[in-house]
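Student: sharing a model prediction with you, sequence too.
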Amino acid sequence: MAVPRIVRSHRATFVALAIGLALVAFAGCRSTVEVDAPQGAGTTSDVSMSQIRAKVSMTDEQAARLAPALQRWKANVPVVEDEPEAAAFEFVAASAAVLERPQLVQLVGFVREQLAARAGSAGGPGGPPDLGGHGRGHHGPGPLGPFEGLGLTPEQRMAIRAAMQTLHAAVETARRALEAGTITEEQFRAALDEARAAFDAAIADILTDEQEAQLEQKRKAHLIAALQRQIAAAATHATRRLEVLTRILGLDEAQVGAIGAILNGVGPQLETILAGLQDGSSTVNAAEAALRALHEATDTAIVAELTDEQAALFAQLRRMRHPGPPHGGGPRG
């Protein structure tokens, strides 16, 4: 086996849920790619109405009206492919018809905490985050997601697990700080960039040139497949996400028209990014950068259509999108 490299010029890894490199979740929609989230990240089976009422002040009548919606969330209804948090957003949307705005803001905070807890524990206590839909990293002798099939030595497997655990710890620290309000969104993103860079550097020291080339091909194939799925469902997803946003934010007719046009415009831009990957005119890193830029542009365009009150609530909804933690994005479902 060739000697692992010590230095490399650039490389982005599959740290999707942790860092969001192969995904862009749009404000009000996830019209682009997200690699598979941990199972159960958007669902809950043990949340009770008493827990909700401990966080959200509401009347008995309101609690009774919310009970059916809570049961649907606990049963993970609706189930939407590639959108594990769809049931949670449906629960919030249903709650918007029952609760006053201050109560709804409290509820969104509670739901976000639940999603974050489940995303954080999806890989096991202290385990690393999901790695790009090719499987999760685990403690012990378990699989290493996208790194499987690369002919790793036992020493390489141990080193990759250690790097994944270090990554997870850094990401979780940043997420908790963001939730506590001790760092800003910009500082949060900077912390994720730093964690990603450290992880990339560690992996560069572990893999050989041949192994890294194989991993790059996996990244490309996975991103192409994810883009194809999202493009195929873009119109349906945009319609559903607009409906959910309308219910949660109370969009008026003019806002519905404007935001609908924004969401429906994402699909053609995804097709352009996909075409670049397929014809070789774009690298995976360039495609991921284009997805992030598309996310920022879409986010900004939607926020521009909202009132200050709606924008404040929308900022909270964005954190529900990728609780484990995200790199931007708004509610998909």
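Tutor: Sure, I can see it. Residues are numbered from 1 along each chain as shown.
Student: okay, now Phe314: neighbour count?
Tutor: 22 (other CB atoms under 10 Å). For every residue, glycine as well, the C-beta is placed using N, CA and C.
Student: and it, what element?
Tutor: helix 308-321 (DSSP states H and E).
Student: for the protein, which helix is longest?
Tutor: helix 154-180 (DSSP state H).
Student: what helices or strands is that one leaning on?
Tutor: helix 16-19, helix 101-121, helix 185-206 (3 or more CB pairs under 8 Å, 6 or more residues apart in numbering; DSSP states H and E).
Student: any idea of the angle the helix holding Phe314 forms with helix 154-180?
Tutor: 160 degrees (axes from the mean of the first three to the mean of the last three CA atoms, to 10 degrees).
Student: render the CA-only coordinates of helix 308-321 in PDB, please.
Tutor: Only the C-alpha atoms of helix 308-321 are listed here, as PDB (Å, rounded to 0.1, in the frame of the first residue of the first chain):
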ATOM      1  CA  ASP A 308     -39.800  41.900  10.700                       C
ATOM      2  CA  GLU A 309     -42.000  39.700  12.900                       C
ATOM      3  CA  GLN A 310     -42.100  37.000  10.200                       C
ATOM      4  CA  ALA A 311     -38.400  37.100   9.600                       C
ATOM      5  CA  ALA A 312     -37.700  36.700  13.300                       C
ATOM      6  CA  LEU A 313     -39.800  33.500  13.500                       C
ATOM      7  CA  PHE A 314     -38.400  32.300  10.200                       C
ATOM      8  CA  ALA A 315     -34.900  32.600  11.700                       C
ATOM      9  CA  GLN A 316     -36.000  30.200  14.400                       C
ATOM     10  CA  LEU A 317     -37.500  27.800  11.800                       C
ATOM     11  CA  ARG A 318     -34.200  27.700  10.000                       C
ATOM     12  CA  ARG A 319     -32.600  26.100  13.100                       C
ATOM     13  CA  MET A 320     -35.200  23.300  13.000                       C
ATOM     14  CA  ARG A 321     -34.000  22.400   9.500                       C
END
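Student: what's in contact with the helix or strand hosting Leu66?
Tutor: Secondary structure assigned from DSSP H and E places Leu66 in helix 60-74. With CB atoms under 8 Å, 6 or more residues apart in numbering as the test, helix 60-74 has contacts from 43-45, 47, 49, 52-53, 58, 87-88, 90-91, 94-95, 98-99, 103.
Student: so which elements touch the helix holding Phe314?
Tutor: helix 86-96, helix 101-121, helix 234-249, helix 284-303.
Student: OK, contacts around the residue nearest to Gly151 when sequence neighbours are not counted?
Tutor: Nearest non-adjacent residue to Gly151, counting by CB to CB, 6 or more residues apart in numbering: Gln211, 6.9 Å away. With contact taken as CB under 8 Å, 6+ apart, Gln211 is in contact with Leu150, Gly151, Leu152.
Student: which element is Gln211 on?
Tutor: Going by DSSP H and E, Gln211 is in helix 209-232.
Student: Met320 versus Val244, what's the distance?
Tutor: According to CB to CB, to the nearest Å, Val244 and Met320 sit 11 Å apart.
Student: which of those two has more neighbours?
Tutor: Met320 (26 against 23).
Student: can you pull the pLDDT of the more buried one?
Tutor: At Met320, the model reports a pLDDT of 78.
Student: for it, list the residues it contacts.
Tutor: Glu85, Ala88, Phe89, Val92, Val108, Val111, Arg112, Leu115, Pro331.
Student: which of those lies closest to Gln217?
Tutor: Glu85 (30.0 Å; CB to CB).
Student: you'd agree that closest one is up against Ala116?
Tutor: No: counting by CB atoms under 8 Å, Glu85 stays clear of Ala116, with 11.0 Å between them.
Student: more crowded one of the two?
Tutor: Higher neighbour count among Glu85 and Ala116: Glu85, with 28 against 22, using other CB under 10 Å.
Student: which of the contacts of Gln211 count as buried?
Tutor: Leu150, Leu152 (16 or more other CB atoms under 10 Å).
Student: could you dump the contacts of Gln211 to TSV with secondary structure, distance to Ala254 and pLDDT?
Tutor: TSV is the format used below for those (DSSP: H, G, I helix; E, B strand; the rest coil; distance: CB to CB, whole Å; pLDDT from 0 to 100):
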residue	secondary structure	distance to Ala254	pLDDT
Leu150	coil	53	92
Gly151	coil	58	93
Leu152	coil	56	93
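Student: where does the prediction get shaky in the stretch 201-333 of the chain?
Tutor: Low-confidence segments of the stretch 201-333 of the chain, defined by pLDDT under 70: 322-333.
Student: which helices and strands does the helix or strand harbouring Ile273 pack with?
Tutor: According to DSSP H and E, Ile273 maps onto helix 266-279. Judged by 3+ CB pairs under 8 Å, 6+ apart, the packing partners of helix 266-279 are helix 209-232, helix 234-249, helix 284-303.
Student: highest mean neighbour count out of these?
Tutor: Highest mean neighbour count of those: helix 234-249, a mean of 20 (counted as mean count of other CB atoms under 10 Å).
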